[in-house]
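Colleague: 3D model of this:
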Amino acid sequence: MRGPWLPLFVVVSLASLRALAAEPPRTVFRFSTSSTLFARPGVGRDGAVYVGSGDGYVHALSPDGSFRWSYTVKGRIVAPPVEDPVTGRVFVATSEARLYALEPDSHLRWVFPLPVVPKSELSLTAKGTLHFVGQDDYLYGVTTSGAMNLRLAATGARSAPVQLGTGQTGVVL
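Modeller: Numbering: from 1, shown residues only. This is a model prediction of the structure:
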């Protein structure tokens, strides 16, 4: 059946979740930034948490919440930071239309000037390309080595790019 895609929202009550879980939800750790968050945190392969703040800081935390490092970027973080599971590099998109690649020890690998600010989350392909939808409604691809390899019209994009089981990238239009 062809037709418009409608968003689907699923709501699950905490009571239902508690009934399914062996133990009730609990706070594992707390971390406070000095600024508003404009994107959810990213999670790395080992459970590390990457928090990007509105004042241009990227914070890396261990799975237990202990502090690893911080790095300052230009602009606010507009998408969850993404970790490359192969290299451990963390990729961060900002409101200043920049894409940063940070090494696992927080050193800057490179900065790539994007043509536009992303309006979607970043999606990392198995072949090492970061996809995102820009404010101009184009789907972009930037390699993990810092080169643009895709610009495709995605007018009316309603989702972030997702990686399909076939290795293809999908976007809801």
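Colleague: As a check, name the ranges of all helices in this protein.
Modeller: Counting by DSSP state H, residue ranges of the helices within the chain are 14-20.
Colleague: Could you point out which residue ranges in it have low pLDDT?
Modeller: When residues are selected by pLDDT under 70, those of the chain lie in 1-22.
Colleague: That one: strands as residue ranges?
Modeller: 42-43, 49-52, 57-61, 67-72, 82-83, 90-93, 98-102, 108-113, 123-124, 129-133, 138-143, 148-153, 162-163, 169-170 (DSSP state E).
Colleague: wait, which of these is closest to F29?
Modeller: Closest to F29 of the strands of the chain, according to Cβ to Cβ: strand 57-61, at 7.7 Å. Glycine gets a C-beta too; all of them are placed from N, C-alpha and C.
Colleague: Output that closest one in PDB, but only the C-alpha positions, please.
Modeller: Output in PDB follows, covering the C-alpha atoms of strand 57-61 (Å, rounded to 0.1, in the frame of the first residue of the first chain):
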ATOM      1  CA  TYR A  57      31.400  21.000  25.200                       C
ATOM      2  CA  VAL A  58      31.500  17.300  24.500                       C
ATOM      3  CA  HIS A  59      31.900  15.200  27.600                       C
ATOM      4  CA  ALA A  60      32.900  11.600  27.700                       C
ATOM      5  CA  LEU A  61      31.900   9.500  30.600                       C
END
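Colleague: Just say which of the strands of the chain is most tucked in.
Modeller: Ranked by average neighbour count under the criterion mean count of other Cβ atoms under 10 Å, the strands of the chain are headed by strand 90-93 at a mean of 26.
Colleague: quick one: contacts of it?
Modeller: Applying Cβ atoms under 8 Å, 6 or more residues apart in numbering, the contact partners of strand 90-93 are 42, 44, 50, 52, 58, 60, 73, 77-79, 81-84, 99-102, 104, 114, 117-118, 122, 124, 130, 132, 144.
Colleague: What pairs with it, parallel or antiparallel?
Modeller: When pairing is defined by DSSP bridges, strand 90-93 lines up against strand 82-83 (antiparallel), strand 98-102 (antiparallel).
Colleague: Would you format those strands as a markdown table with distance to G165 included?
Modeller: Putting those into a markdown table (distance: least, Cβ to Cβ, whole Å) gives the following:
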| stretch | distance to G165 |
| --- | --- |
| strand 82-83 | 19 |
| strand 98-102 | 26 |
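Colleague: Thanks a lot, catch you later.
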